[in-house]
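S.K.: predicted coordinates and the sequence they were generated for:
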Amino acid sequence: MPTNLSDVVDDLLGRRTQDSGRLNLLATYCIEAFSTLGLHGVRGGKADEVGIRGLGRQKDWDLAFVLAGKPRLLVSLKSILRNLAGTVPNRLDDLMGEAANVQQLSPEIVIGYVVIMDEAEDTVRRDGKGTWSDHFESNLKKIAIRRAPLWNQGLIEGAWLIRINSRKPPGQRIANTVDMDARGTSFFQALLDELYLREPTLRPIQAGAPPEAH
């Protein structure tokens with residue numbers, strides 16, 4: 001039975017903050033989403049994180065698609081469930097640094113970012129310019145624009161912010177479930193579109209499609 005996003009959120013909120021496997025079900029959800037869209041062999045989750053070499057250091061990524069010993073697609077999974085004002089700026093800096101580190105050696109790599117954020121802990125910024133969750137989403141959109149010929153290091157190909165409210169009962173914690181599912185589908189498809197542009201041989205053959213000319 002496919003993993004349900006609502007179950008992912010409930011599982012996360014039921015675990016301790018220090019639990020190293022608290023995002024395993026989210027990883028499973030993402031792996032299944034990629035598989036449904038035609039990309040099989042994404043690693044991570046319960047199996048373990050995947051160590052990917054960067055220019056400055058090796059980093060463990062939550063999900064990775066590796067082909068012929070070379071990483072082609074990476075996804076980082078995060079959660080921000082409290083202290084949004086203190087965590088959001090650091091998360092943005094960390095994301096750009098981690099992306100740039102691996103892009104130095106593999107500039108063609110596709111990178112995605114999925115983060116679950118608890119709106120129950122949200123606050124208005126001190127400058128009065130909206131909430132911290134809105135600020136985070138706005139800046140993610142500025143970062144997730146990496147497309148040829150804009151290959152700047154530190155940018156990424158896609159981001160999906162999953163807004164939740166931990167004060168609601170289990171099964172009802174995702175903000176606007178229909179819209180959130182649609183955003184998720186768009187996120188996974190956008191990453192695959194970029195992957196297939198850079199690695200055309202990975203694109204699934206559509207039934208009834210004529211063979212490519214050689």
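M.R.: Here it is on my side, so go on.

S.K.: okay, and for this structure, where does confidence drop off?
M.R.: Regions of the chain meeting the criterion pLDDT under 70 cover residues 45-50, 55-56, 206-214.

S.K.: longest helix in it, by residue count?
M.R.: Longest helix of the chain, by residue count under DSSP state H: helix 177-198.

S.K.: which other residues reach it?
M.R.: Around helix 177-198, the neighbours that count as contacts under Cβ atoms under 8 Å, 6 or more residues apart in numbering are 5-6, 30, 33-34, 37-39, 65, 72-73, 75, 108, 110, 112, 114, 147-148, 157-160, 162-163, 174, 202-203. C-betas here are computed from N, CA, C, even on glycine.

S.K.: residue 26 in helix, strand or coil?
M.R.: Three-state call for residue 26 (DSSP: H, G, I helix; E, B strand; the rest coil): helix.

S.K.: with residue 163 instead?
M.R.: Residue 163 ends up strand, using three-state DSSP.

S.K.: what about it, distance to residue 14?
M.R.: In this view, residue 163 and residue 14 are 19 Å apart by Cβ to Cβ, to the nearest Å.

S.K.: more neighbours, these two?
M.R.: Shown here are residue 163 and residue 14; by other Cβ atoms under 10 Å, residue 163 has more neighbours (19 against 10).

S.K.: so how many other residues sit close to residue 124?
M.R.: Using other Cβ under 10 Å, residue 124 has 13 neighbouring residues.

S.K.: if we can go back for a sec, make a ChimeraX selection of the buried ones in the contacts of helix 177-198.
M.R.: Applying 16 or more other Cβ atoms under 10 Å to the contacts of helix 177-198 leaves a buried subset, and the ChimeraX line that selects it is:
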select :5,6,30,33,34,39,65,72,73,75,110,112,114,157,158,159,160,162,163,174,202
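
S.K.: list the ones among the contacts of helix 177-198 that fall in strands.
M.R.: Within those, residues falling in strands by DSSP state E are 65, 72, 73, 75, 110, 112, 114, 158, 159, 160, 162, 163.

S.K.: with adjacent residues omitted, what lies nearest to the second one?
M.R.: The spatial neighbour of residue 72 that comes closest, neighbours along the chain excluded (Cβ to Cβ, 6 or more residues apart in numbering), is residue 65 at 5.2 Å.

S.K.: give me the distance between the one you found and residue 100.
M.R.: Counting by Cβ to Cβ - residue 65 and residue 100 are separated by 20 Å.

S.K.: where's residue 167, which helix or strand?
M.R.: Residue 167 is part of no helix or strand when elements are defined by DSSP states H and E.
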